[in-house]
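> A predicted structure for the sequence below; I have some questions about it.
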Amino acid sequence: PAAAFDVEKDELTLGFIKLTDMAPLAIAKEKGFFEDEGLYVTLEAQSNWKVLLDRVISGELDGAHMLAGQPIAATIGYGTKGEVITPFSMDLNGNGITVSNEVWALMKEHIEIGADGKPVHPISAAALKPVIEAFRAEGKPFNMGMVFPVSTHNYELRYWLAAGGINPGLYAPDDVSGQIGAEALLSVTPPPQMPATLEAGTIYGYSVGEPWNQAAVFKGIGVPVITDYEIWKNNPEKVFGLTAAFNEENPETVKALTRALIRAAEWLDANENANRAEAVEILARPEYVGADAAVIANSMTGTFEYEKGDVRAVPDFNVFFRYNATFPYYSDAVWYLTQMRRWGQIAEAKPDAWYDETAKRVYRPDIYQAAAQSLIEDGTLPASAFDFDADGYREPTPAADIIDAVAYDPKAPNAYLESLAIGLKGTEVVQGGA
């Protein structure tokens, strides 16, 4: 059949990092969804998130699997600057927090054990607080790894720690360590190196996407204590990012790309995850994630293993299409911006309207809707598969869906910041070390 969009550029190079949530890109290529749009796509693994973003901004890559915080941070000029947009949200959930065996043994003394002899979930960071205090009393800094300063993993780890009464530290314009006033010291560790860094004792825990939490279980070196689904149910994770300039020059190409990615996401969740075993086989290939299929399957097929042998059903650990996962909601962008402000990456107070305006510069539901509409019109997907929310915002997230029981209303970001116990609020600012 004729392609839905008359693409301006048909040969594209897209970047990704070796994580299971790059799946929509691999599936769109392997299932022929890109080719159906007249697109000939090369997928190229990148060494780290900074290199990936720099190469998209420089034009070496036409687009990429990105941390949701990256297009937002680039657009507001935090770190590498560049006008980067997203027409497509790649997935929900998919991350976890893992601690070393030593730390887990100490935490267990403060965790309720259920009638089945297993820890009661979700596990609060309140159980980690006395462990950190004991380490500090011995003069040992409590180091933890996260993926990138603007990654979901950083914000989720900080959220979980703060919800348990642990200060994860602040950023300042003259101190970008993020460790001002910190009780737990967070620093960047590339995902594939996290298990080895934990095993070496350089860090005592980390926050990362799969397969690197399950890898710790398989290696017997650590225990995942919580998934991000338990921190914030159905939280947004990665996005597909490209420059605003690329979209201006190639608008039909971007719609075609979005259309192929929607089809891939739908395939990944179709018939209650019936295709996940095939997806695992594809992702395990060296050109994609390149990890052991059994490790990838441990989280991709509806279960998650915490302590060795403690396998629990988490059917929504990786969500690619359900719950309108692919729609680029402004409310997702606003949440990331609130966390940047909360921890000092945004140094000064901003009015609520600024959060809305910034979200609208980066997140582009208009492109998504054009792609989705074409899929409805040609009968590829039913209209019922989509939520064309008129104003682009999700409903507020209820307190019951968030670990510290603080509801999130994306239309009142400053009031939301005021309701969080630890972190900057109102007009507070940080100077280095203060």
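Happy to help now that I have it. Numbering: from 1, shown residues only.
> tell me where the stretch 1-150 of the chain has helices.
Using DSSP state H, counting those that start in this stretch, the helices found in the stretch 1-150 of the chain span residues 23-30, 33-36, 49-58, 69-76, 101-108, 129-137.
> packing partners of the shortest one?
Applying 3 or more C-beta pairs under 8 Å, 6 or more residues apart in numbering; DSSP states H and E, one finds that helix 33-36 makes contact with helix 251-273. (Each C-beta comes from the backbone N, C-alpha and C, glycine too.)
> other SSEs contacting the helix it packs on?
Other elements packing on helix 251-273 under the criterion 3+ C-beta pairs under 8 Å, 6+ apart are helix 23-30, helix 33-36, strand 84-89, strand 238-243, helix 365-377.
> follow-up on the earlier one: out of the helices of the stretch 1-150 of the chain, nearest to Gly309?
For the helices of the stretch 1-150 of the chain, proximity to Gly309 was assessed by C-beta to C-beta; helix 101-108 is nearest, at 13.6 Å.
> quick revisit: quick one: closest of the helices and strands packed on helix 251-273 to Phe135.
Counting by C-beta to C-beta, Phe135 lies closest to strand 238-243 out of the helices and strands packed on helix 251-273; the figure is 32.6 Å.
> next, Arg363: phi, psi?
Let me fix one detail, which is that residue 363 is Tyr and not Arg. phi -90, psi 130 (degrees, to the nearest 10).
> hmm, it is touching Val334, no?
No. Look at Tyr363 against Val334 with C-beta atoms under 8 Å: they stay out of range, at 9.3 Å.
> quick one: the strands in the stretch 51-200 of the chain, in order.
63-67, 84-89, 92-93, 95-100, 143-146, 170-172, 175-180, 185-188 (DSSP state E, counting those that start in this stretch).
> now these in CSV, with mean neighbour count and distance to Glu156?
As requested, those are arranged in CSV below (neighbours: other C-beta atoms under 10 Å; distance: least, C-beta to C-beta, whole Å):
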stretch, mean neighbour count, distance to Glu156
strand 63-67, 27, 12
strand 84-89, 27, 16
strand 92-93, 27, 10
strand 95-100, 26, 6
strand 143-146, 24, 9
strand 170-172, 22, 16
strand 175-180, 18, 14
strand 185-188, 19, 11
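> can I get these in TSV with mean pLDDT and distance to Thr202?
Shown next, in TSV, are these (pLDDT from 0 to 100; distance: least, C-beta to C-beta, whole Å):
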stretch	mean pLDDT	distance to Thr202
strand 63-67	98	23
strand 84-89	98	32
strand 92-93	98	28
strand 95-100	98	10
strand 143-146	98	7
strand 170-172	97	22
strand 175-180	96	15
strand 185-188	97	9
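> let me have the ones you listed in TSV, adding distance to Tyr393 as columns.
As requested, the strands of the stretch 51-200 of the chain are exported to TSV (distance: least, C-beta to C-beta, whole Å):
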stretch	distance to Tyr393
strand 63-67	21
strand 84-89	14
strand 92-93	16
strand 95-100	23
strand 143-146	28
strand 170-172	27
strand 175-180	29
strand 185-188	30
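> perfect, I'm done here.
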